[in-house]
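>>> sequence? don't have it. structure:
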């Protein structure tokens, strides 16, 4: 019996849903969010409730439009796989829903599956599931890798770690195996996830997602690299990649000529260290670097833990590392100077070099850091947007008209400003049309 026949014979369950047509698009997207929350599932469109295949006619571009609407209406986004199959000479649209980083929202509400029914979550249930997910994320680095052994430890890497830690005043006199035990990165037989990423001989064997995808597009020049290795190796290789694609800005002050890099190396290293230290290693997405003529963008999968917001990263804020074991190891190696000050160091080194201030945003299921180049666009945000971002508290709401009045601009200009802030993840849109309001994130 093939997979489709099995699904049709089994009937509707928590993981299987039948739909006659795509006409009830909203309900289907709600079911997609619910299935992603509970671990995935399959929706067959062109099938009646009793499992009888009735077929479906799809217009040109219908699949692509449905995928885009699913992405736009789910949060975190659910990337479904749509395929056309046939049964009894009738076409069926098969929607395979992956297990997600739930709970997932559809149209701003959370759903789950109760048997074959899609049910809206209560607020208490949503908050409970969200806390469970956060606890699971924070504990992932402590999981033992059952396929590992102590032979996977790179003894040279541990010795370099000991030397770096001693240089920072830490007394570490143990053998390599004992060091990992003290760091809670191994037991008597296996390495943890953190142990593999920090001291393993080949971390990408068990964790292929633990890579940095780097790309540079400067004018007509193109460069790319897939950076593997332990986390300290990724940081150093990422810095080298960026530096080889940067230019030096020559300036003349009176009769003296000076030069400055487009980006200061400490800011690059700090941004990369934060990305690999704080990313969600359950995600299959790689850490990403992209350098163009205006900016360096660093993106890593994950979320800011409450109560942190992107705006809070530009000032004094508490240290809440999602991966505290990894963060401590990188601290002892000198990649993280002081917990809770990393983004402030980025701000300081950028300002000292004369660069526009960086931008921190939470978007696309991850955290994005944008470092404007000395020679690039003069700023990520215009002065109005910067003033709004600095003066407006998280959770505050305002209308387009209020923004326009506060900054003495037309409503069209105000709307353009707010849409750009929305794209960068600094505000969210509430409502539609004339009733739209903008909430500071």
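Arrived safely. Being a predicted model, the structure only gives us computed values, none of them experimental.

>>> Work out which residue lies at the spatial centre of the chain.
Closest residue to the average C-alpha location of the chain: residue 366 at 1.8 Å, with C-alpha atoms, centre = their mean.

>>> Just the pLDDT at the closest residue to it other than its chain neighbours, thanks.
Nearest non-adjacent residue to residue 366, counting by C-beta to C-beta, 6 or more residues apart in numbering: residue 301, 4.5 Å away. In this view, the C-beta of every residue, glycine as well, is placed from N, C-alpha and C. pLDDT, residue 301: 90.

>>> Backbone dihedrals for residue 301, please?
Residue 301 has phi and psi values of phi -70, psi 140 when expressed as degrees, to the nearest 10.

>>> What is the burial count for it?
22 (other C-beta atoms under 10 Å).

>>> Does residue 428 have any beta-bridge partners, and if so which?
residue 439 (DSSP bridges).

>>> I'd say it and residue 421 touch.
No - contact criterion C-beta atoms under 8 Å: residue 428 and residue 421 do not qualify, at 9.5 Å.

>>> what sits in contact with each of these two?
residue 438 (C-beta atoms under 8 Å, 6 or more residues apart in numbering).

>>> more neighbours, those two?
Set side by side, residue 428 and residue 421 show more neighbours around residue 421, with 22 against 15, by other C-beta under 10 Å.

>>> Read off the pLDDT value for the residue lying closest to the more buried one once chain neighbours are set aside.
In space, and not counting its chain neighbours, residue 421 is closest to residue 427: 4.6 Å by C-beta to C-beta, 6+ apart. Residue 427 is assigned 84 on the pLDDT scale.

>>> doesn't residue 438 make contact with residue 427?
Yes - under the criterion of C-beta under 8 Å, residue 427 makes contact with residue 438 at 4.6 Å.

>>> list residues touching both of those two?
418, 421.

>>> In the stretch 201-350 of the chain, what residue spans correspond to strands?
Along the stretch 201-350 of the chain, counting by DSSP state E, counting those that start in this stretch, strands occupy 212-218, 221-227, 248-253, 256-261, 287-291, 295-301.

>>> Can you list the strands that the last one pairs with?
Paired with strand 295-301 in the same sheet, following DSSP bridges, are strand 287-291 (antiparallel), strand 366-372 (antiparallel).

>>> what's the first one in contact with?
Taking contacts as C-beta under 8 Å, 6+ apart, the residues outside strand 287-291 that touch it are 211-218, 234, 238, 241-242, 245-246, 272, 275-276, 279, 296-301.

>>> Just the buried ones out of those residues, please.
211-212, 214-216, 234, 238, 241-242, 245-246, 272, 275-276, 279, 296-301 (16 or more other C-beta atoms under 10 Å).

>>> Find the nearest non-adjacent residue to residue 56, please.
For residue 56, the closest residue by C-beta to C-beta, 6+ apart turns out to be residue 46, at 3.4 Å.

>>> and the one you found, how many neighbours?
24.

>>> and it, how far is that from residue 91?
6 Å (C-beta to C-beta, to the nearest Å).

>>> what is in contact with those two at once?
55-56.

>>> Residue 358: which of the strands paired with strand 295-301 is closest?
strand 366-372 (5.0 Å; C-beta to C-beta).

>>> Quick check on residue 191: phi, psi?
Per-residue torsions, residue 191: phi -90, psi 150 (degrees, to the nearest 10).

>>> In contact with the closest residue in space to it that isn't next to it in sequence, which residues are there?
Nearest residue to residue 191, sequence neighbours excluded (C-beta to C-beta, 6+ apart): residue 148, at 4.3 Å. By C-beta under 8 Å, 6+ apart, the residues touching residue 148 are 190-191, 195-196, 200, 206.

>>> coming back round to it: neighbours around the residue nearest to residue 421, how many?
Residue 427 has 26 neighbours, counted by other C-beta under 10 Å.

>>> Who are the contact partners of it?
Contacts of residue 427 by C-beta under 8 Å, 6+ apart are 418, 421, 438-441.

>>> Just the buried residues of the residues you listed.
Buried, going by 16+ other C-beta under 10 Å: 418, 421, 438, 440-441, out of the contacts of residue 427.

>>> which among these gets closest to residue 180?
Once C-beta to C-beta is applied, the member of the buried ones among the contacts of residue 427 that ends up nearest residue 180 is residue 441, at 39.0 Å.

>>> just checking, residue 297 touches residue 368?
Yes - Residue 297 is within contact range of residue 368, at 6.4 Å (criterion: C-beta under 8 Å).

>>> thinking again about what came up before, which of the buried ones among the contacts of residue 427 lies closest to residue 175?
The nearest member of the buried ones among the contacts of residue 427 to residue 175, counting by C-beta to C-beta, is residue 441 at 47.8 Å.

>>> if I look at the closest one, how far off is residue 55?
44 Å.

>>> now do residue 128
According to C-beta to C-beta, residue 128 stands 41 Å off from residue 55.

>>> If you count surrounding residues, which of these two has more?
More neighbours surround residue 55 than the other of residue 128 and residue 55, with 17 against 13 (other C-beta under 10 Å).

>>> quick revisit: turn the contacts of residue 148 into TSV, columns for distance to residue 111, neighbour count and pLDDT.
Formatted as TSV, the contacts of residue 148 follow (distance: C-beta to C-beta, whole Å; neighbours: other C-beta atoms under 10 Å; pLDDT from 0 to 100):
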residue	distance to residue 111	neighbour count	pLDDT
190	37	17	93
191	38	26	94
195	37	29	95
196	35	29	95
200	39	26	94
206	33	17	92
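
>>> Mind checking which of the residues you listed land in helices?
The helices, defined by DSSP state H, take in 195-196 from the contacts of residue 148.
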